[in-house]
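**Q** Dropping a prediction and its sequence here:
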There are 4 protein chains.
Amino acid sequence: MENLVDSPKGKLIDDKFYFPARVYYEDTDAGGVVYYANYLKFAERARTEFIRMLGINQHEGLATEDMFGFMVRSLNIEYKAPAILDDLLAISCEVLNVSGARMEVKQEIFCKDKLLVTLTVQLAYVSLNRKRPVRIPDELVKKIENL
Amino acid sequence: MENLVDSPKGKLIDDKFYFPARVYYEDTDAGGVVYYANYLKFAERARTEFIRMLGINQHEGLATEDMFGFMVRSLNIEYKAPAILDDLLAISCEVLNVSGARMEVKQEIFCKDKLLVTLTVQLAYVSLNRKRPVRIPDELVKKIENL
Amino acid sequence: MENLVDSPKGKLIDDKFYFPARVYYEDTDAGGVVYYANYLKFAERARTEFIRMLGINQHEGLATEDMFGFMVRSLNIEYKAPAILDDLLAISCEVLNVSGARMEVKQEIFCKDKLLVTLTVQLAYVSLNRKRPVRIPDELVKKIENL
Amino acid sequence: MENLVDSPKGKLIDDKFYFPARVYYEDTDAGGVVYYANYLKFAERARTEFIRMLGINQHEGLATEDMFGFMVRSLNIEYKAPAILDDLLAISCEVLNVSGARMEVKQEIFCKDKLLVTLTVQLAYVSLNRKRPVRIPDELVKKIENL
């Protein structure tokens, strides 16, 4: 089956990464729009694919004994306009800062030309087993700085 | 069956509303903790039950022709410590401001004595059909001010 | 905070266990009803609380080195009528068979007197680390047979 | 932004439709695998894209006064092996029967060459407003029969 499907991929446009997501029933609520928590899922998919594009596989980090991974420390989200069923969204991912164990990311969610949602996300690179922050690997920091 | 089950209810303690939520598998992720978007579900359950305690039924508002309801305009969330499977959480709901079509709510999520998550949520009362903000009913504003 | 909130609990009525669940926005979709996958969440909450009532804590099993827990092997679900926002549901949990590593459970989801959904679920008790079925603890089997 | 992102699309291979889905944190649970209800989300995405490929847009049906759409009446699901974080899944969609208001669909979820999950889903075409089944449009039936 390996060749049957292609992974949904994002792409870099003017140094900014965009990832697509279609809105399905699972994402919506009885108000007829995307449920407010579900934009965080779209944002996390985009961050994951951004990091994958840089050559880092999150599952590998989690599979080590230390269980390395990014955790969200805090975020700000502004809902400007709602997405609805069947919308094709583009979710951006732009690193504002990266140093030590911390990374700050700005994300925007568009439908066609319309900006629907903006987020600023503070992430920490942590060992889930040792329950503490660890330095983000130099390899990843360099790749981000070279974008 | 009407008498078979009691609704999970929150309660007022020192003028602050607390609502319980148990962490189930559905709420967790492969990192072994509650998925970051799912705290927004717990927070929305607590806001809903807070408003129900004040005598307002969200479903009735949505069932009117204008489809009245609260929408989240923006929020801030800080993740201080993770919740895990089987934790019994207490989610608070405290109105900081209410005027016109807007309401600002502060929420905290505790497990026993430990503060895990804090949110500040900006809500707007809207007509989903007319797609615009409307005044929060006086009855609701008075009940909030009388707490 | 330990005393601030009570856990939502189910109860035994005529030897059948019922667990309550309120329908929130998170559970609904743009069709105005509960999303079809989300009834499986309600069902799993009821199974978890049924097992907790018998004195077994799922988190403890998962926290052992072998990571013991129940996994769903297969299920049948029939959607007779939809649940909507704000409905207070009662979810039953009745063991049809238990032997070796296997347990068969019948579940019904009611809103007031109306039967909305029925499920039959085949579960296996497994070690997640050793990736194979293991005997359900005798203590649990006896408690189920004594109901 | 319209050209920034491409929709994730499925494709027909030997008359069977396959749709891709990546496993993200949102899909997994504390057992380290995809949560059992979430395979139903993958399956529904594949059914939606299958119908879109045939030229039918679900959002348009829902936007009519009668609110036409497919509802799941019942399903059978067998979990053979778990999917984990970062797996790239292929979800098939094959119509077994279609007549009147009813359609029966078989779906399989693969990771590479491995069959993880099989489902059989009974769907009814309904008017959500009139709360009753309606004939599946001839246009859609013909397209399915011509596959």
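**A** Perfect, thanks for sending it.

**Q** use CA for all of it now, contacts and neighbours both
**A** OK.

**Q** List the buried residues of stretch A:123-139.
**A** A:123-128, A:133-134, A:136 (16 or more other Cα atoms under 10 Å in any protein chain shown).

**Q** near chain B at all, the longest strand seen in chain A?
**A** The longest strand of chain A (DSSP state E) is strand A:114-127. No - shown here: strand A:114-127 not in contact with chain B (Cα under 8 Å from any Cα of the partner chain), separated by at least 9.4 Å.

**Q** Now do that strand: which elements does it pack against?
**A** strand A:68-79, strand A:102-111, strand A:132-133 (3 or more Cα pairs under 8 Å, 6 or more residues apart in numbering or on different chains; DSSP states H and E).

**Q** Report the rounded mean pLDDT for the longest one.
**A** Regarding strand A:68-79, the rounded mean pLDDT is 95.

**Q** what's the answer for the second one, then?
**A** Across strand A:102-111, pLDDT averages out at 98.

**Q** out of the buried residues of stretch A:123-139, who's nearest A:Val98?
**A** Distance to A:Val98, by Cα to Cα, is smallest for A:Ile136 among those, at 8.5 Å.

**Q** Look up phi and psi at the nearest residue to the closest one once chain neighbours are set aside.
**A** Spatially, and ignoring its direct neighbours in sequence, A:Ile136 is nearest to A:Ala101 (5.2 Å; Cα to Cα, 6 or more residues apart in numbering or on different chains). When read as degrees, to the nearest 10, the backbone of A:Ala101 gives phi -100, psi 0.

**Q** Surely A:Ala101 and A:Asp138 touch.
**A** No - between A:Ala101 and A:Asp138 there is no contact under Cα atoms under 8 Å: 10.7 Å.

**Q** got the contact list for the residue most central in space within chain A?
**A** Nearest residue to the geometric centre of chain A (Cα atoms, centre = their mean): A:Arg47, 2.1 Å. Contact analysis of A:Arg47 by Cα atoms under 8 Å, 6 or more residues apart in numbering or on different chains lists A:Cys93.

**Q** what inclination does the helix or strand where it lies have with respect to strand A:68-79?
**A** Using DSSP states H and E, A:Arg47 falls within helix A:38-53. Per axes from the mean of the first three to the mean of the last three Cα atoms, to 10 degrees, the angle that helix A:38-53 makes with strand A:68-79 is 140 degrees.

**Q** and the angle from helix A:38-53 to strand A:114-127?
**A** Using the same axes, to 10 degrees, helix A:38-53 lies at 60 degrees relative to strand A:114-127.

**Q** and helix A:38-53, what's its mean pLDDT?
**A** Helix A:38-53 comes out with an average pLDDT of 96.

**Q** related to what we said a few turns ago, between the longest strand of chain A and strand A:102-111, how big is the angle?
**A** For strand A:114-127 against strand A:102-111, the angle by the same axes, to 10 degrees is 150 degrees.

**Q** hey, C-alpha coordinates of strand A:114-127 in CSV?
**A** The C-alpha trace of strand A:114-127 is given here as CSV (Å, rounded to 0.1, in the frame of the first residue of the first chain):
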residue,chain,number,x,y,z
LYS,A,114,-9.5,35.3,4.6
LEU,A,115,-7.6,35.3,7.9
LEU,A,116,-9.8,33.3,10.4
VAL,A,117,-7.6,32.7,13.4
THR,A,118,-4.2,33.7,14.8
LEU,A,119,-2.2,32.0,17.5
THR,A,120,1.0,32.6,19.3
VAL,A,121,2.3,29.4,20.9
GLN,A,122,5.1,29.1,23.5
LEU,A,123,6.7,25.6,23.3
ALA,A,124,9.2,23.8,25.5
TYR,A,125,11.3,20.9,24.5
VAL,A,126,11.1,18.4,27.3
SER,A,127,11.9,14.9,28.3
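
**Q** Dig out what the nearest residue to A:Val5 once chain neighbours are set aside forms beta bridges with.
**A** Distances taken as Cα to Cα, 6+ apart place D:Pro20 nearest to A:Val5, at 5.4 Å, with adjacent residues excluded. Taking DSSP bridges as the rule, D:Pro20 bridges to D:Ala90.

**Q** What residues does D:Pro20 make contact with?
**A** D:Pro20 sits next to A:5-8, D:8-10, D:88-91 when contact means Cα under 8 Å, 6+ apart.

**Q** residues from chain A in reach of chain C?
**A** By the rule Cα under 8 Å from any Cα, the part of chain A lying against chain C is A:25-33, A:35, A:85.

**Q** sorry, back to before: mind putting the buried residues of stretch A:123-139 in CSV, distance to B:Val72 and pLDDT included?
**A** Formatted as CSV, the entries for those read as follows, by distance: Cα to Cα, whole Å; pLDDT from 0 to 100:
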residue, distance to B:Val72, pLDDT
A:Leu123, 23, 97
A:Ala124, 26, 96
A:Tyr125, 29, 94
A:Val126, 30, 92
A:Ser127, 33, 88
A:Leu128, 31, 78
A:Pro133, 32, 92
A:Val134, 34, 93
A:Ile136, 33, 93
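
**Q** Can you report how many residues lie near A:Ile13?
**A** For A:Ile13, the neighbour count with other Cα atoms under 10 Å in any protein chain shown is 10.

**Q** Against C:Asn146, how distant is the residue nearest to the centre of chain A?
**A** As for A:Arg47, its distance to C:Asn146 is 51 Å (criterion: Cα to Cα, to the nearest Å).

**Q** can you redo the helices and strands packed on strand A:114-127 as JSON lines with distance to B:Tyr79?
**A** As requested, the helices and strands packed on strand A:114-127 are exported to JSON lines (distance: least, Cα to Cα, whole Å):
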{"stretch": "strand A:68-79", "distance to B:Tyr79": "5"}
{"stretch": "strand A:102-111", "distance to B:Tyr79": "14"}
{"stretch": "strand A:132-133", "distance to B:Tyr79": "14"}
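
**Q** so which of these comes closest to C:Val117?
**A** Taking the helices and strands packed on strand A:114-127 one by one with Cα to Cα, strand A:68-79 is closest: 34.7 Å.

**Q** For chain D, which of the helices and strands packed on strand A:114-127 is the nearest?
**A** Of all these, it is strand A:102-111 that lies closest to chain D, at 7.4 Å by Cα to the nearest Cα.

**Q** In contact with the closest residue to A:Gly32 other than its chain neighbours: list those residues for me.
**A** In space, not counting the residues next to it along the chain, A:Gly32 is nearest to C:Ala30; the distance is 4.4 Å by Cα to Cα, 6+ apart. For C:Ala30, the contact set (Cα under 8 Å, 6+ apart) comprises A:25, A:28-33, A:85.

**Q** Next: A:Lys106.
**A** When contacts are counted by Cα under 8 Å, 6+ apart, A:Lys106 is found next to A:92-96, A:118-121.

**Q** okay, those in JSON lines with distance to C:Lys106 next?
**A** Listed next are these as JSON lines, based on distance: Cα to Cα, whole Å:
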{"residue": "A:Ser92", "distance to C:Lys106": "45"}
{"residue": "A:Cys93", "distance to C:Lys106": "45"}
{"residue": "A:Glu94", "distance to C:Lys106": "49"}
{"residue": "A:Val95", "distance to C:Lys106": "50"}
{"residue": "A:Leu96", "distance to C:Lys106": "52"}
{"residue": "A:Thr118", "distance to C:Lys106": "44"}
{"residue": "A:Leu119", "distance to C:Lys106": "43"}
{"residue": "A:Thr120", "distance to C:Lys106": "45"}
{"residue": "A:Val121", "distance to C:Lys106": "43"}
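
**Q** what's the spacing between A:Ser7 and C:Gln107?
**A** Taking Cα to Cα as the measure, A:Ser7 falls 37 Å from C:Gln107.
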